[in-house]
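Novice: sharing a model that was predicted from the sequence below.
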Amino acid sequence: MYSRLDRTHRALPVILGVVTLADVGVLFVWDAFPRLFPAGSHDFLASISLAMIAFAYLVYQIAHRPARREFAKAIMLAVAFLFWAANQLWPDFRQATLFNDVAIALFVLDVFLVMIGWPPTSPDGSFAETYGDSRKEEQC
């Protein structure tokens, strides 16, 4: 069953998330004023944002203590972000296309697993879904 974390257990993932959001803000500053930044900084900023949110999400999941299958799914999602980060950091690397394809495959698999309800212990809100009162829907 999904439970909300108390402040103590939320602190580190939230701090990591805020740092990641700040990095994304810097990335947008780069988009507006690329001459203010050293060459190659965009690739680094993009990759660090993806890697940081993967790490923050894993820390968040560890604090939540999900069931093994749910944690395995969280690891899969974090790995997808890490492959995407590798593709951003080393776009000219020979395996960059492979990194990108692995990330795509893992993201697609993650969404598919949400759609089929695997693992069955996953809360419905794991995919930002909202449901109305089912009694009202039945009356329509």
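Specialist: Received it, and whenever you're ready, just let me know what you need. Numbering: from 1, shown residues only.
Novice: every contact and neighbour count from this point should use C-alpha atoms.
Specialist: OK.
Novice: checking residue 78 next. Helix, strand or coil?
Specialist: helix (DSSP: H, G, I helix; E, B strand; the rest coil).
Novice: ok, it - contacts?
Specialist: 53, 54, 55, 57, 58 (C-alpha atoms under 8 Å, 6 or more residues apart in numbering).
Novice: now with 6 Å?
Specialist: By C-alpha atoms under 6 Å, 6 or more residues apart in numbering, the contact set of residue 78 is residue 54.
Novice: check what pLDDT it gets.
Specialist: Reported pLDDT at residue 78 in the predicted model: 98.
Novice: and it, how close does it get to residue 94?
Specialist: 23 Å (C-alpha to C-alpha, to the nearest Å).
Novice: same thing with residue 52?
Specialist: Taking C-alpha to C-alpha, one finds residue 52 at 24 Å from residue 94.
Novice: comparing those two, which shows the higher neighbour count?
Specialist: Neighbours were counted for residue 52 and for residue 94 using other C-alpha atoms under 10 Å; residue 52 has more, 21 against 9.
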